[in-house]
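*Asks:* starting from these lines, generate the structure:
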Amino acid sequence: MATERLAGNLASAMLNQDDPDTVRAGAPAYLLLLDGLIRQNPDDRALLVAGSRLYGAFATGLITEPKRVKRLTQRSREYAQTAFCARYATICEEASAPFDRFAETLDQIDPDDLPLLYAYATSWAGWIAARHDDWSALADLPKVERLLERIIAQDPGYDHGRAQLYLGVMRSQLPPALGGKPETGRTHFELAITYSKGRDLIAKVEYAQHYARLMFDQPLHDRLLHEVLAAPAQEPDLTLSNILAKQQAERLLKDEYF
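*Replies:* From the prediction side, this is the model:
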């Protein structure tokens, strides 16, 4: 219990930090400490989920070197897989199977295991995003979507609506002319904003970057990003993400996209 509290405190300290440079400098020490704790307690589900969460947050929000992002998202996914597969070995055995066969296994997931399912789904999504040039990785997207759909079916506002946010990004990749359904993505973005009460600023940044740009909707794009810049960043477990969202909003507004 003490070890799990330490892991939780490490995660909280990182996610509530308002200086991204401090986190960039200090997070590797946190990650090494978690690695050591996991090595001592390789079957501790809470530790594995915490490790997956922190590796994923560091890889997707704080570094840009593609090779490092791939390595760190690999570690994030491995920790989440270890925790999830110890509980649901059958699902993991079918993870590389055709979609329909994989989807059939998901009915066995206990609703009480939502945090475990969320870690498994989001670490997989981060792993794919780091390999956007790998068609074999992209082929797994429908499976991740199904996992996220299961999450929102159980709790549509889980983790500040972040599962909605993931689906919004995934469903805002192609314009209608190419068979895409970006309006479905827009619905998920709006729900993500609603469930976080507008406090998760990255939802508006992703909404602007993926949906508004895809649809060439500059008024929506600029409105969302100005709202991000005007909003307070301090929010429990969202402060670091919000600071990074503000920095990204500034870059997107300076970018002559339209």
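*Asks:* please count neighbours and contacts with C-alpha atoms only from this point.
*Replies:* OK.
*Asks:* what about dumping the CA coordinates of stretch 146-166 to PDB?
*Replies:* Taking Å, rounded to 0.1, in the frame of the first residue of the first chain, the C-alpha atoms of stretch 146-166 are listed here in PDB:
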ATOM      1  CA  ARG A 146     -13.700  -0.600 -29.800                       C
ATOM      2  CA  LEU A 147     -12.000  -0.600 -26.400                       C
ATOM      3  CA  LEU A 148     -12.600   3.200 -26.100                       C
ATOM      4  CA  GLU A 149     -16.300   2.700 -27.100                       C
ATOM      5  CA  ARG A 150     -16.600   0.100 -24.300                       C
ATOM      6  CA  ILE A 151     -15.200   2.600 -21.800                       C
ATOM      7  CA  ILE A 152     -17.600   5.400 -22.800                       C
ATOM      8  CA  ALA A 153     -20.500   2.900 -22.800                       C
ATOM      9  CA  GLN A 154     -19.700   2.200 -19.100                       C
ATOM     10  CA  ASP A 155     -18.800   5.800 -18.100                       C
ATOM     11  CA  PRO A 156     -19.000   8.400 -20.800                       C
ATOM     12  CA  GLY A 157     -17.200  11.000 -18.700                       C
ATOM     13  CA  TYR A 158     -14.400   8.800 -17.500                       C
ATOM     14  CA  ASP A 159     -11.100  10.700 -16.800                       C
ATOM     15  CA  HIS A 160     -12.500  14.100 -17.600                       C
ATOM     16  CA  GLY A 161     -14.000  12.700 -20.900                       C
ATOM     17  CA  ARG A 162     -10.600  11.700 -22.200                       C
ATOM     18  CA  ALA A 163     -11.900   8.600 -23.900                       C
ATOM     19  CA  GLN A 164     -14.200  10.800 -25.800                       C
ATOM     20  CA  LEU A 165     -11.200  13.000 -26.800                       C
ATOM     21  CA  TYR A 166      -9.300  10.000 -28.100                       C
END
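*Asks:* now the helix or strand of the chain with the lowest mean pLDDT, how far from the chain's geometric center?
*Replies:* Lowest by mean pLDDT, DSSP states H and E among the helices and strands of the chain is helix 2-15, with a mean of 75. Centroid separation for helix 2-15 versus its chain: 19 Å, with Cα atoms, centre = their mean, to the nearest Å.
*Asks:* go on, stretch 81-89?
*Replies:* Here the centre of stretch 81-89 is set off from its chain's centre by 19 Å, with Cα atoms, centre = their mean.
*Asks:* same check, this time on stretch 140-157
*Replies:* In this view, stretch 140-157 has its centroid 12 Å away from the chain centroid, taken as Cα atoms, centre = their mean.
*Asks:* buried sites along it?
*Replies:* Residues of stretch 140-157 classed as buried: 140-141, 143-152, 156-157 (neighbour count, 16 or more other Cα atoms under 10 Å).
*Asks:* before we move on, the earlier item: by contact count, what packs against the least confident helix or strand of the chain?
*Replies:* Using 3 or more Cα pairs under 8 Å, 6 or more residues apart in numbering; DSSP states H and E, the elements in contact with helix 2-15 are helix 20-40, helix 45-61, helix 239-254.
*Asks:* how about the nearest residue to R101, chain neighbours excluded?
*Replies:* Using Cα to Cα, 6 or more residues apart in numbering and skipping the chain neighbours, the partner closest in space to R101 is E94 (7.0 Å).
*Asks:* just put the helices and strands packed on helix 2-15 in JSON lines and tack on mean neighbour count and mean pLDDT.
*Replies:* Formatted as JSON lines, the helices and strands packed on helix 2-15 follow (neighbours: other Cα atoms under 10 Å; pLDDT from 0 to 100):
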{"stretch": "helix 20-40", "mean neighbour count": "15", "mean pLDDT": "90"}
{"stretch": "helix 45-61", "mean neighbour count": "24", "mean pLDDT": "90"}
{"stretch": "helix 239-254", "mean neighbour count": "19", "mean pLDDT": "96"}
